[in-house]
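K.L.:
only geometry, no sequence info:
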């Protein structure tokens with residue numbers, strides 16, 4: 001029997017088992033594994049135990065590893081494969097607030113018919129339980145046909161991704177030999193526009209910084225002190241406004257050190273994606289791109305660094321009016337990084353920038369909120385081309401190599417701590433409402449996602 005015949009048998013098995021696979025996913029979705037809420041700690045463990053049972057019954061050597069936070073589930077198949085692969089996903093979910101905006105109880109999942117097709121509705125359906133289960137269903141079908149699991153697989157499923165993964169980096173360091181592989185597979189991403197499959201090959205890094213400026217020892221009457229005493233809100237907004245010039249470029253010294261332009265091949269491939277910036281912005285009620293105007297829209301969201309003010313507070317903003325000079329003002333600022341930008345250098349440059357605006361009799365303090373570099377994958381690895389071909393065959397459209405404007409720190413952690421690149425392949429859609437009420441995952445994404453992983457496994461074995 002040829003390899004292609006065996007693959008067809010696996011795909012047929014996935015189709016035959018689709019109803020049972022959906023029921024397994026429904027069981028998983030019913031567990032309210034909200035990692036940010038201590039009241040749900042028992043539910044997070046229950047989800048880990050559910051996963052461990054499924055994997056053990058499937059034939060994996062499985063262990064639940066306790067951490068200072070929520071458990072890690074690690075499973076391994078027998079050694080002997082052509083290359084060792086690590087599969088990563090997370091089984092925790094976001095809180096459901098505001099509950100009143102849900103059309104059904106978030107942990108009572110159901111299949112719904114919508115104008116755009118049938119969907120699985122429920123918290124975690126897309127982020128990340130439905131995506132994670134596409135891995136497992138592909139492994140299950142492989143075993144049903146071959147009589148054994150694919151060899152040399154390591155599965156790492158964490159329960160803290162939605163709460164910042166505080167235990168992950170220490171766990172990776174402590175278990176590096178057990179987890180290290182030639183390539184990591186991450187399922188927490190989405191299709192490109194209009195259902196086109198995609199492999200994310202670069203991610204922006206992230207620096208988060210809170211700044212607090214304090215002036216007088218109490219709020220002051222603006223009639224008595226205005227024009228003479230320092231106003232921390234004014235100091236703060238002057239510093240923040242000076243972060244960018246009139247062309248949209250960030251003004252911090254050395255900010256663009258390590259930023260790299262697109263290669264000619266990337267520029268050609270991204271141009272061929274026909275990204276419609278007006279339509280993209282139109283979905284959120286906007287129409288005009290801002291930022292570096294000499295760059296294409298895709299460059300701006302995938303390959304250029306940013307500085308953004310995420311929140312600002314100070315003084316009185318309630319009903320009515322209160323004429324005060326506030327005692328303090330604060331803001332939260334984030335920087336998305338690309339190329340080889342150094343997160344700590346960016347943080348230091350921002351702090352130095354703010355200090356230049358603060359008078360000698362005022363005080364400034366900074367609170368750090370994470371720092372991770374950008375991740376760029378080596379697509380010269382033949383595995384990327386093989387996976388791209390496999391996805392293209394399944395979806396009937398050429399898979400795209402794309403960037404992502406967001407940050408998935410685990411990809412950088414795998415690179416830094418385990419020395420391996422990641423292949424980010426997911427089947428979510430822009431309208432999945434992840435982190436929002438009425439989250440959903442398309443039935444097509446679930447079914448074709450499992451079929452896609454079966455094809456990729458066959459290509460890489």
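P.N.:
Alright, I've got the coordinates. Remember, it's a predicted structure, so these values are computed and weren't measured experimentally. Numbers count the residues shown, from 1 in each chain.
K.L.:
Could you pull up the contacting residues of residue 444?
P.N.:
Residue 444 makes contact with 117, 118, 195, according to C-beta atoms under 8 Å, 6 or more residues apart in numbering. The C-beta positions use only the backbone N, C-alpha and C, and glycine is treated the same way.
K.L.:
Just the ones of the residues you listed in strands?
P.N.:
117, 118 (DSSP state E).
K.L.:
Among the contacts of residue 444, which one is most surrounded by other residues?
P.N.:
Neighbour counts for these peak at residue 195, which has 15 neighbours (criterion: other C-beta atoms under 10 Å).
K.L.:
show me the residues around it that make contact.
P.N.:
The contact partners of residue 195, by C-beta under 8 Å, 6+ apart, come to 395, 397, 429, 444.
K.L.:
quick revisit: any idea which of the contacts of residue 444 is closest to residue 455?
P.N.:
Using C-beta to C-beta, residue 195 comes nearest to residue 455 of the contacts of residue 444, at 16.5 Å.
K.L.:
what pLDDT does the closest one get?
P.N.:
On the pLDDT scale, residue 195 is placed at 84.
K.L.:
That one and residue 241: what is the separation?
P.N.:
Taking C-beta to C-beta, to the nearest Å as the measure, residue 195 falls 41 Å from residue 241.
K.L.:
picking up where we left off before, now, the contacts of residue 195 that are in helices?
P.N.:
395, 444 (DSSP state H).
K.L.:
Give the ranges of residues in this structure that sit below the confidence cut-off.
P.N.:
The chain contains residues with pLDDT under 70 at 1-5.
K.L.:
Please parse it into its domains.
P.N.:
What automatic domain parsing lists as the domains of the chain is 3-203+375-460, 205-259+305-372.
K.L.:
winner for burial among those domains?
P.N.:
Highest mean neighbour count among the domains of the chain (mean count of other C-beta atoms under 10 Å): domain 3-203+375-460, with a mean of 19.
K.L.:
Residue 282: neighbour count?
P.N.:
Residues lying near residue 282 (other C-beta under 10 Å) number 11.
K.L.:
same deal with the one 5 residues further on?
P.N.:
Close neighbours of residue 287, defined as other C-beta under 10 Å, add up to 10.
K.L.:
Residue 299 too?
P.N.:
20.
K.L.:
I'd like to know how far the closest residue to it other than its chain neighbours sits from residue 377.
P.N.:
Leaving aside its chain neighbours, residue 299 sits nearest to residue 262 (6.7 Å; criterion: C-beta to C-beta, 6 or more residues apart in numbering). Residue 262 sits 15 Å away from residue 377, taking C-beta to C-beta as the criterion.
K.L.:
Also residue 28?
P.N.:
29 Å.
K.L.:
ok, now residue 422?
P.N.:
According to C-beta to C-beta, residue 422 and residue 377 sit 6 Å apart.
K.L.:
Need the overlap of contacts for the two.
P.N.:
Taking C-beta under 8 Å, 6+ apart as the contact rule, residue 422 and residue 377 both touch residue 411.
K.L.:
Give the residue farthest from the middle of the protein.
P.N.:
residue 224 (49.9 Å; C-alpha atoms, centre = their mean).
K.L.:
Now that residue: phi and psi?
P.N.:
Backbone torsions of residue 224, given as degrees, to the nearest 10, read phi -80, psi -30.
K.L.:
Tell me which residues touch it, please.
P.N.:
Applying C-beta under 8 Å, 6+ apart, no residues contact residue 224.
K.L.:
got the contact list for the spatially most central residue of the chain?
P.N.:
A centroid search over the chain (C-alpha atoms, centre = their mean) returns residue 408, at 4.2 Å, as the residue closest to the centre. Residues near residue 408 by C-beta under 8 Å, 6+ apart: 186, 188, 189, 203, 375, 424.
K.L.:
can we see that at 10 Å?
P.N.:
Residues near residue 408 by C-beta atoms under 10 Å, 6 or more residues apart in numbering: 88, 161, 186, 188-189, 200, 203-204, 206, 372, 375, 414, 422, 424.
K.L.:
go on, residue 74?
P.N.:
Residues counted as contacts of residue 74 (C-beta under 10 Å, 6+ apart) are 52, 55, 60-65, 86, 154-158, 171, 175, 178-179.
K.L.:
Among those residues, name the ones in strands.
P.N.:
Counting by DSSP E, those contribute 61, 62, 63, 64, 65, 86, 154, 155, 156, 157, 158 to strands.
K.L.:
closest to residue 141 among the residues you listed?
P.N.:
Nearest to residue 141 out of those is residue 155 (C-beta to C-beta; 15.9 Å).
K.L.:
Can you give me the distance of that closest one to residue 90?
P.N.:
Distance, residue 155 to residue 90, using C-beta to C-beta: 12 Å.
K.L.:
what is in contact with these two at once?
P.N.:
Taking C-beta under 10 Å, 6+ apart as the criterion, residue 155 and residue 90 both touch 73, 132.
K.L.:
quick one: contacts of the helix or strand residue 387 falls within?
P.N.:
Taking DSSP states H and E as the definition, residue 387 sits inside helix 382-395. For helix 382-395, contacts defined as C-beta under 10 Å, 6+ apart pick out 7, 11, 83, 85, 182-183, 185, 191, 195-199, 201, 377-379, 381, 397-401, 421, 423, 425, 427, 444, 448-449, 451-460.
K.L.:
try it again with 6 Å
P.N.:
183, 197, 398, 399, 448, 451, 452, 455, 456, 459, 460 (C-beta atoms under 6 Å, 6 or more residues apart in numbering).
K.L.:
next one: stretch 148-167
P.N.:
Here stretch 148-167 makes contact (C-beta under 6 Å, 6+ apart) with 35-36, 44, 48, 51, 59, 67-81, 84-92, 94, 139, 142-143, 168, 179, 181, 457.
K.L.:
Counting only strands, which of those residues make the cut?
P.N.:
Using DSSP E, 72, 73, 74, 75, 76, 85, 86, 87, 88, 89, 90 are the members of those that sit in strands.
K.L.:
Do I have it right that residue 372 meets residue 412?
P.N.:
Yes. With contact defined as C-beta atoms under 6 Å, residue 372 and residue 412 form a contacting pair (5.1 Å).
K.L.:
related to what we said a few turns ago, how about a markdown table for the contacts of helix 382-395, with distance to residue 299 and secondary structure added?
P.N.:
Output for these, formatted as a markdown table (distance: C-beta to C-beta, whole Å; DSSP: H, G, I helix; E, B strand; the rest coil):
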| residue | distance to residue 299 | secondary structure |
| --- | --- | --- |
| 183 | 27 | strand |
| 197 | 22 | coil |
| 398 | 21 | coil |
| 399 | 21 | coil |
| 448 | 30 | helix |
| 451 | 33 | helix |
| 452 | 28 | helix |
| 455 | 31 | helix |
| 456 | 29 | helix |
| 459 | 31 | helix |
| 460 | 31 | helix |
